[in-house]
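> Any chance you can model this:
(one chain, ligands or ions: 1)
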Amino acid sequence: MNEDIKNLILQKIESYNTIIISRHIRPDGDAVGSTKGFVKLLKDTYPAKEIYLVDEDFSDYLAFCGAEDTVTDDVYENALLIVIDTGTRKRISNSKYPLAKEIIKIDHHIEADPYGDINWVEDFRSSACEMIADFCLTFRDRLKMSAEAATFIYLGMVTDSGRFRFEGVTGETMRLAGALLEYGVDYETLFAHLYTEDLGALKLKSYVYDHIHITKNGVASIYMDAAIQQKFHLTLEEASNVVGELSDIKGSLIWVAFIENTEKQQIRVRLRSRFLGINDLAIKYHGGGHNMAAGATVYSVEEMNALVEDADRLLGEYKANHEGWL
Ligand code: AMP
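Residues are numbered from 1 along each chain as shown. Reported below is the predicted structural model:
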C-alpha cells in the first residue's frame, strides 16, 4: 500500500551523494532513535556517500545516543534532506532546512504541514521508528542493518509506544520490533539507560506527587513554575517530562503539565489522555498533536485555569456518557 512511496524514497536516497538527516526540536527517543538508526544504516550501506545527522538542540537524557554532526551551509546545495518524526516545519530542529535541494518528510503525526517534496506520512503508526523499521526491512536485501542501527530504531519504538502500551500499537508494530530484535538489539543496556535515575530525579517525582491538582471530574494537572524549575535545577525539557508522572492515577483520564517559560513569557502545555481525545482542546489553546498526546501554549495563569476547566468539562461529559473507563 505504501510500496510506491518507499520505492521513490529509496530511489532518491540512491541518487544523492550528500544526505542530511534531521528531526524535531526538543527530541524524544523516537526522534533521536529514528534519525540515529537511519544514519547508521545509510552510512553502512553507502560508505561512499556523505551522510550527516544535523540538529540544533539536544536532550540530556538521550546523550547516551552520542553526538551529531555540524556542516557548513554550502553542503546543503546538492543535498537531500530527510526530516523524520517532525509534523510541521516550525518544529524542524534545523533552521537551514530551506537550503536543501530536496526534502523528504517521514512522519507519523497527523498531517498538518506537508513541507517535503516527498511526504511519507502514516499517522496510524505508533512511532516514526516503526516507519523506519518498515522501510529498512522492506529493503532488507539492499540495506545493511547492524545491531547498533536496530537498537536505535528499537529505542524509538519502545519509548513512543510507552513500551508497546499506547494506542497505535498493532500486530505490525510487534512484527517489526521482533524483526529488529533478530538483528541483535542490545535491550539490556538500552533499558538500563532508560530506567535508572539519580536520586535528584526521584525527589522531583516526590514533589510532583505531592503537588498534583485533581479536578472534580478527574483532570490531573501540575504547574511547574520557574521557581520550582530553579529549585530542582531543571531544564525546560526536564520540567516538561513530569507529564509522565501524572499518567497512572485511577479515574484520571486527562492529565496536563504546565511548564512556565519565563524567557518566552509563555506556559508550555503537555496534554495526555486515555479513552477520550484531547487534540481539539490542544488546538483551542494554540497547539495540536495526536488524539491522546498533544501540546499547546497558554500565556497566563488565567488561561491555564481556563484550559483545566475546559478539560474538566470534557471529561465530565465523557464520564456521563460512557461506561467501562477506570
Ligand atoms: P509533547 O507534549 O510536546 O510531547 O507533544 C505531544 C505531541 O503533540 C507531539 O508529538 C507533537 O507533535 C504535538 N505538539 C506538541 N506541541 C505542539 C504545538 N504547539 N502545536 C502542534 N503540535 C504540537
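> Now the phi/psi pair for residue 159, please.
Residue 159 adopts backbone torsions of phi -80, psi -50, taken as degrees, to the nearest 10.
> Residues of this structure that sit close to the ligand?
87, 109, 270, 287-290, 293-297 (C-beta under 6 Å from any ligand atom). The C-beta positions use only the backbone N, C-alpha and C, and glycine is treated the same way.
> make it 5 Å
Neighbours of the ligand within the chain, by C-beta under 5 Å from any ligand atom: 87, 109, 270, 287-289, 293-295.
> Now find how far off-centre the helix or strand hosting residue 271 is within its chain.
Using DSSP states H and E, residue 271 maps to strand 266-273. With C-alpha atoms, centre = their mean, to the nearest Å as the basis, strand 266-273 stands 14 Å off its chain's centre.
> Hmm, residue 108 is touching residue 121, no?
Yes. Assessed by C-beta atoms under 8 Å, residue 108 is found in contact with residue 121 at 7.3 Å.
> And those two? Which one has more around it.
residue 108 (24 against 18; other C-beta atoms under 10 Å).
> Now do the contacts for the more buried one.
Counting by C-beta atoms under 8 Å, 6 or more residues apart in numbering, residue 108 touches 85, 121-128, 130-131.
> Excluding chain neighbours, what is closest to it?
residue 125 (4.0 Å; C-beta to C-beta, 6 or more residues apart in numbering).
> picking that back up, just the residues of the chain next to the ligand: which are in strands?
Assigned to strands by DSSP state E, the following of these qualify: 270, 288-289, 293-295.
> Output these as TSV; include the columns neighbour count and pLDDT.
Below are those laid out as TSV (neighbours: other C-beta atoms under 10 Å; pLDDT from 0 to 100):
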residue	neighbour count	pLDDT
270	24	98
288	18	94
289	20	93
293	20	96
294	24	97
295	19	98
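> Nearest to residue 177 among these?
Nearest to residue 177 among those, counting by C-beta to C-beta, is residue 293 at 19.7 Å.
> wait, doesn't that closest one sit right on residue 274?
No. The criterion here is C-beta under 8 Å, and residue 293 misses it with residue 274 at 10.2 Å.
> which of the residues in the biggest helix by length in the chain are buried?
Across the chain, the longest stretch assigned as helix under DSSP state H is helix 301-321. Buried residues in helix 301-321, counted by 16 or more other C-beta atoms under 10 Å: 303-304, 307-308, 310-312, 314-315, 318-319.
> surely the residue nearest to residue 108 meets residue 168?
Yes. The pair residue 125 / residue 168 is scored as a contact, 6.7 Å apart, by C-beta under 8 Å.
> Looking at those two, which one has more neighbours?
Neighbour comparison, residue 125 and residue 168: the larger count goes to residue 125, with 25 against 19 (by other C-beta under 10 Å).
> can you give me the strands in the stretch 151-300 of the chain?
For the stretch 151-300 of the chain, applying DSSP state E, counting those that start in this stretch gives strands covering 213-214, 219-224, 254-261, 266-273, 288-289, 293-298.
> Least confident of the ones you listed, on average?
Among these, strand 288-289 carries the lowest mean pLDDT, at a mean of 94.
> rewinding a little: export the strands of the stretch 151-300 of the chain to a markdown table and append columns for distance to residue 163.
Below are the strands of the stretch 151-300 of the chain laid out as a markdown table (distance: least, C-beta to C-beta, whole Å):
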| stretch | distance to residue 163 |
| --- | --- |
| strand 213-214 | 25 |
| strand 219-224 | 21 |
| strand 254-261 | 18 |
| strand 266-273 | 15 |
| strand 288-289 | 20 |
| strand 293-298 | 15 |
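> What is the neighbour count of residue 91?
Quick note: residue 91 (other C-beta under 10 Å) scores 17 neighbours.
> Just list the residues touching it, thanks.
Residue 91 is in contact with 24-25, counting by C-beta under 8 Å, 6+ apart.
> what do you get for the one 3 residues further on?
Contacts here follow C-beta under 8 Å, 6+ apart; on that basis residue 94 touches 20, 22, 54-56, 81, 83.
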